[in-house]
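*Asks:* I need the structure of the sequence given here:
(one chain, ligands or ions: 1)
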Amino acid sequence: MRYSGFSVFMQALNRHKGWKPTWRDAAPKPSYDVIIIGGGGHGLATAHYLAKVHGITNVAVIEKGWIGSGNAGRNTTIIRSNYLLPGNEAFYELSMKLWEGLEQDVNYNAMVSQRGVLNLCHTDAQRDAFARRGNSMRLHGADAELLDPEGVRKLVPFLNFDDARFPIKGGLFQPRGGTARHDAVVWGYAHAASERGVDIVQNCEVTGFLREGGRVVGIETSRGTIRANKIGMAVAGNSGRVAEMAGFRLPIESHVLQAFVSEAIKPMIPTVVTYGAGHFYISQSDKGGLVFGGDIDGYNSYAQRGNLPTVEDVCEGGMSLMPAIGRVRLLRSWGGIMDMSMDGSPIIDHSPVDGLYVNSGWCYGGFKATPASGFCFAHLIATGRMHETATAYRLDRFATGHVIDEKGVGARPNLH
Ligand SMILES: Cc1cc2nc3c(=O)[nH]c(=O)nc-3n(C[C@H](O)[C@H](O)[C@H](O)COP(=O)(O)OP(=O)(O)OC[C@H]3O[C@@H](n4cnc5c(N)ncnc54)[C@H](O)[C@@H]3O)c2cc1C
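*Replies:* From the prediction side, this is the model:
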């Protein structure tokens, strides 16, 4: 089924009785060319690009819950390509370009909104670092503007400029950044992949791997054994668990990250704002809710829920940046499991086990990467070679020392 203004009009004439499910909820077949474990954004995007770019359609996406029940449906929806290091910036700019054409590509309204992303700086040193990052972004073809305090005030006049504990010295603005509706991204990729014949199998938990001659040739699941020539894992916060089933360890720690949404208020925040003196970021959804978050909870966990000290810490950060939000009531909070890598950068590579490929280590920045992650992972699975923009995301970099430490904090996953 194709979505368009015309189809909405025609369905309206028919009292909307003719809509079909957005994707096929398939039962697993005995075997596939490729199995992707994990029905989050990355797994579904991989299936879409395998089918569309490489013509590989005998593919199953195996999801233990419902698609989007992991981090894909829990994030704060921010998309951007404002990175410093060459290993990262080209990849995230590829992702940004794919976001810009995503809705046409998958024929689904993912509510991609390029409302801009503003990173605030509060010291001279931070401003210098932002200038350097902005230059790096521009060298890679991305857009970046360095704003002085007046430029920031024009864009977001409601911040605390007058008696702030950490005065705002300026900001790095990426106008092409913004937000996308996270579950619509999941549904859009599912729609496009399913239309090309991909099986999306929900409520099917992978519990082990089938091996022959040192190679994985299938998976054991709660719905039986399924064979495949190639298997890709894109299970985000569960990467350590699935790797353990295959017999290897990943340089990943699983941590909880929470997010929050307020009651709906009139339009107030026109862009995404991140606080440079504390860990706090905020945007406003199209429904009017203020969507915000901050730091990870700081301990290892597989629970999709967090604890109250972080709620307090995040709200304190928000209050010190924009005291006006103190009168807004909090509506909901939730948590997701982050696959925090040791250098804060992801892994898209062969695994140590023949036939199994790894997509992992997205920390809390993987939503923006969804299109490029799927694109590059599909390239790797289809061709056996890394895509040119993802060559830095090797698994062996942790052994060889070629880490991509964007924040310069070292092997401290809780700080990335
Ligand atoms: C609160 C929060 C805020 C965030 N904010 C942002 C943001 O603003 N911008 C940004 O870029 N990133 C953000 N992120 C990070 C981003 O959401 C993740 O990095 C990204 O979604 C991970 O990729 P995914 O979508 O494929 O993961 P997921 O949606 O978690 O997909 C993995 C899937 O694998 C399934 N799975 C796991 N184990 C098995 C198994 N054994 N068998 C079958 N299936 C299995 C899970 O059920 C899950 O559905 C945020 C995350 C959270 C939690």
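*Asks:* What degree of burial does R196 show, as a neighbour count?
*Replies:* Residues lying near R196 (other Cβ atoms under 10 Å) number 15. The C-beta positions use only the backbone N, C-alpha and C, and glycine is treated the same way.
*Asks:* That one: what's it in contact with?
*Replies:* With contacts taken as Cβ atoms under 8 Å, 6 or more residues apart in numbering, R196 has the following neighbours: H48, A51, K52, T57.
*Asks:* From those residues, which land in helices?
*Replies:* H48, A51, K52 (DSSP state H).
*Asks:* rewinding a little: so which of the contacts of R196 comes closest to the ligand?
*Replies:* If you rank the contacts of R196 by distance to the ligand using Cβ to the nearest ligand atom, H48 comes first, at 12.6 Å.
*Asks:* quick one: that closest one and Y189 touch, right?
*Replies:* Yes. Under the criterion of Cβ atoms under 8 Å, H48 makes contact with Y189 at 4.9 Å.
*Asks:* Overlap in contacts, the two.
*Replies:* V106, G374.
*Asks:* rewinding a little: got the contacts of R196 as CSV, with pLDDT, neighbour count and distance to the ligand columns?
*Replies:* As requested, the contacts of R196 are exported to CSV (pLDDT from 0 to 100; neighbours: other Cβ atoms under 10 Å; distance: Cβ to the nearest ligand atom, whole Å):
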residue, pLDDT, neighbour count, distance to the ligand
H48, 98, 28, 13
A51, 98, 22, 17
K52, 98, 18, 18
T57, 98, 17, 21
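*Asks:* Tell me the residues of the stretch 251-400 of the chain that contact the ligand?
*Replies:* Residues of the stretch 251-400 of the chain lying near the ligand by Cβ under 6 Å from any ligand atom: L257, Q258, A259, G293, G336, W362, Y364, G365, G366, F367, K368.
*Asks:* again, only this time at 8 Å
*Replies:* 256-259, 281, 293, 334-339, 359, 362-370, 373 (Cβ under 8 Å from any ligand atom).
*Asks:* and if you look at the stretch 1-150 of the chain?
*Replies:* 37-45, 62-80.
*Asks:* Buried among those residues? Make that a ChimeraX selection.
*Replies:* Selection of buried members from those for ChimeraX, criterion 16 or more other Cβ atoms under 10 Å:
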select :37,38,39,40,41,42,43,44,45,62,63,64,67,68,69,70,71,72,73,74,75,76,77,78,79,80
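*Asks:* Out of the residues of the stretch 1-150 of the chain next to the ligand, name the ones that lie in helices.
*Replies:* G41, H42, G43, L44, A45.
*Asks:* The stretch 101-250 of the chain: helices as residue ranges?
*Replies:* Using DSSP state H, counting those that start in this stretch, the helices found in the stretch 101-250 of the chain span residues 124-139, 149-155, 182-195, 239-246.
*Asks:* Throw the ones you listed into TSV and include mean neighbour count, thanks.
*Replies:* Below are the helices of the stretch 101-250 of the chain laid out as TSV (neighbours: other Cβ atoms under 10 Å):
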stretch	mean neighbour count
helix 124-139	16
helix 149-155	14
helix 182-195	25
helix 239-246	18
